[in-house]
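# no sequence on hand, only this structure:
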Ligand code: HEM
């Protein structure tokens, strides 16, 4: 299934998505759920039910419990689809043509974010072997080059600029191309198709077409790496010592998944993180005065913003007691990372952005066997990206009133649609 899998629409009721007056705080509706208990029942817009976990300890327990499965595809009800979509999906499965219930794309084999051990373990281990210290170090140098290039282009063009299109989106997207070994000439097409795939507003037909094109492109890429290995992740997987060897289908899926998982997340952290700094001038001043704060600053921004605001999601494979409720086999459970990462039982003053905060073990990258594979790379992008931005754009400020910044409440990954900025 395509990268859009990671972005499946979940019909949460509006009050669990709408932010209050503070664009960085979780929706007040989620705070109200927390008041009911660490695990609370929610009725979705399509009439299905869901358990929402807002407690830190309960989330860690859930994400390390083998009685919960990440394979929500095998449980279409767990995806909170419209009942009609479920019927369509079940008919397709019966006819042997069923795939992803959202897109009806044929079933695929490498998207391990939706797999459980031991299948998950096999693929994850192969990937971990590709995120080598040497490769990450080389990538770090490229991250800096790309960041500098984009900030300098903004300066050359002059204020105002949209930080999202001019900086926050291209940085992670070019870094992923670098990691996967996509040739410079192919980048534009690759990025255009990605933009469609991550856009939930794109209609089904457009998305399917972009998916088919991207799939074909990835197949070509894998074939090319087979014939001409280079020093990149796909070549490393193709020519590694996987036993049994990875199939082309698996290689294509793994690459598409890396693309989807590593793209919008980092981009939204960069843009929303900058917005948060601009709205907390004392914190921004501290970071400008003491650039060595960047490491704790990035951890605190990850916690404070927790941009993955609709997941992780799991489905119970048997009855489980969790946080004072009985989750029945087949029930869907969603972790609310923005709530979990502000659990008052866990952090003093959780609603305060404090870039000096230490012992800040948050769940913004998830927890357990599916904990984010790209987290070290994401940290490098955030540290270098924010540092270059602040160092090269003195007087960075919003170019519109804060209330006019468009928030991505309706998207799977929270953030801003655009961030108009100016500088001195
Ligand atoms: C998994 C967050 C950047 C690749 C996850 C999960 C979260 C997450 C919460 C767990 C999902 C679950 O348990 O169901 C983030 C955030 C990022 C980020 C907040 C940026 C700030 C990246 C990057 C890459 C990446 C840059 C790739 C280079 C992955 C992969 C998984 C994953 C492959 C699935 C791991 C597995 O199933 O074993 N991420 N991510 N992520 N992430 Fe990230």
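Everything's here; your move. Small disclaimer: the values here were computed from a predicted structure and weren't measured.
# contacts only, for the residue of the stretch 251-400 of the chain found nearest the ligand.
Taking Cβ to the nearest ligand atom, the ligand has its nearest neighbour within the stretch 251-400 of the chain at residue 374, 2.1 Å off. Using the backbone N, CA and C atoms, a C-beta is placed for each residue, glycine as well. Going by Cβ atoms under 8 Å, 6 or more residues apart in numbering, residue 374 touches 131, 258, 261, 262.
# tell me which two of those sit farthest apart.
Spanning the widest gap among these are 131 and 261, at 13.0 Å by Cβ to Cβ.
# mutual contacts of the two, please.
Common neighbours of residue 131 and residue 261 (Cβ under 8 Å, 6+ apart) are 373, 374.
# which one of these two has more residues nearby?
Using other Cβ atoms under 10 Å as the criterion, residue 131 and residue 261 rank with residue 261 on top: 20 against 17.
# which residues touch the most centrally placed residue in the chain?
Nearest to the geometric centre of the chain sits residue 265, at 3.7 Å (Cα atoms, centre = their mean). Residue 265 makes contacts with 172, 307, 308, 378, 413, as judged by Cβ under 8 Å, 6+ apart.
# most widely separated two among these?
Checking those with Cβ to Cβ, the most distant pair is 172 and 308, at 14.5 Å.
# can you map out the helices along the stretch 251-400 of the chain?
Using DSSP state H, counting those that start in this stretch, the helices found in the stretch 251-400 of the chain span residues 264-278, 281-289, 294-305, 337-340, 375-392.
# next, residue 40: phi, psi?
Torsion angles at residue 40 (phi, psi; degrees, to the nearest 10) stand at phi -130, psi 150.
# next, count neighbours for it.
21.
# what sits closest to it if chain neighbours are left out?
The shortest distance from residue 40 to any non-neighbouring residue, by Cβ to Cβ, 6 or more residues apart in numbering, is to residue 33 (4.5 Å).
# tell me how many other residues crowd the one you found.
22.
# helix/strand/coil for it?
helix (DSSP: H, G, I helix; E, B strand; the rest coil).
# list the contacts of it.
In this structure, residue 33 makes contact with 16, 40, 42, 52, 54, 336, 339, judged by Cβ under 8 Å, 6+ apart.
# repeat that for residue 166.
By Cβ under 8 Å, 6+ apart, the contact list for residue 166 reads 150, 153, 154, 157.
# most neighbours among those, please name it.
Taking other Cβ under 10 Å as the neighbour criterion, residue 150 ranks highest of those with 23 neighbours.
# pretty sure residue 52 belongs to a strand, no?
Yes - note on residue 52: a strand contains this position according to three-state DSSP.
# which of the helices or strands spans the nearest residue to it once chain neighbours are set aside?
In this structure, residue 52 finds its nearest non-sequential neighbour in residue 42, 5.0 Å apart by Cβ to Cβ, 6+ apart. Per DSSP states H and E: residue 42 is located in strand 39-43.
# show me which residues of the stretch 301-424 of the chain sit near the ligand.
With Cβ under 6 Å from any ligand atom as the criterion, the stretch 301-424 of the chain meets the ligand at residues 307, 308, 312, 364, 365, 366, 370, 372, 373, 374, 377, 378.
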